[in-house]
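Trainee: model this:
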Amino acid sequence: MKSISLYAWFLLLLFGCQQPDMVLTMEERNKIVEEIELIAKANFDEANENNPGNRSWDNYTDETGAAYNGVIYPDWGRTRMEYDSTHEYYKSVHKFTIDHLKVGPLSASSAYALGAYTHIATDKNGEATTSKEVFTWVFEKQNDQWKIVHFHVSGSCQ
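Mentor: Modelled structure (predicted):
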């Protein structure tokens with residue numbers, strides 16, 4: 001009797017506590033993965049264009065928090081300001097190459113992308129600097145659009 005009640009409790013815990021949008025069909029999972037992969041790759045492509053009006057910034061919200069090379073920024077305004085000032089010296093040429101990308105759904109309305117990339121920046125004097133960085137993006141579906149609500153970048157990884 002004790003083992004049956006323990007088993008029933010385990011099943012209740014396993015299946016009873018899941019949120020309704022946590023149970024996804026394989027088709028739903030694949031669609032989310034495909035959508036997030038497209039956004040991730042487009043973000044890197046856009047960054048490679050050295051476009052000051054970078055459209056990839058549209059994937060972030062005003063509340064997007066960030067951890068960038070060990071510094072935590074509470075909102076997108078401060079993150080963007082720091083990013084722009086840090087990269088002022090490297091305005092001439094950027095080249096991003098995705099080395100690894102993994103995407104997965106967390107629910108029907110949230111997902112993650114993580115991976116590694118190589119970043120080559122050429123400064124105003126023509127000197128190139130290469131770094132390998134890892135990143136994590138957390139996405140949330142807002143008004144039928146995937147938005148990055150948090151991101152993390154750590155540089156100089158081997």
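
Trainee: hang on, Gln96 is in a helix, isn't it?
Mentor: I think there's a mix-up here, since residue 96 is Phe and not Gln. No - secondary structure of Phe96, determined by DSSP: H, G, I helix; E, B strand; the rest coil: strand, with no helix assignment.

Trainee: hang on, it packs against Gly115?
Mentor: No - using CB atoms under 8 Å, Phe96 is not in contact with Gly115, being 11.2 Å away. C-beta: built from backbone N, CA, C; applies to glycine.

Trainee: would you list every one of the helices in this protein?
Mentor: Here the chain has its helices, by DSSP state H, at 2-16, 26-48, 76-86.

Trainee: show me where this structure dips below the pLDDT cut-off.
Mentor: Residues of the chain meeting the criterion pLDDT under 70: 1-22, 49-57, 67-70, 75-93, 156-158.

Trainee: please repeat the previous calculation with a cut-off of 90.
Mentor: Low-confidence segments of the chain (pLDDT under 90): 1-23, 42-97, 117-133, 135, 148-158.

Trainee: just the buried positions in stretch 108-122, please.
Mentor: Neighbour counts using 16 or more other CB atoms under 10 Å place 108, 110-111, 113-117, 119, 121 of stretch 108-122 among the buried residues.

Trainee: ok, the closest residue in space to Phe96 that isn't next to it in sequence - how many residues close by?
Mentor: Nearest residue to Phe96, sequence neighbours excluded (CB to CB, 6 or more residues apart in numbering): Phe44, at 4.8 Å. A count of nearby residues for Phe44, using other CB atoms under 10 Å, gives 18.

Trainee: residues in contact with Phe44?
Mentor: Phe44 makes contact with 96-98, 117, according to CB atoms under 8 Å, 6 or more residues apart in numbering.

Trainee: then Val134?
Mentor: Residues near Val134 by CB under 8 Å, 6+ apart: 114-116, 153-154, 157.
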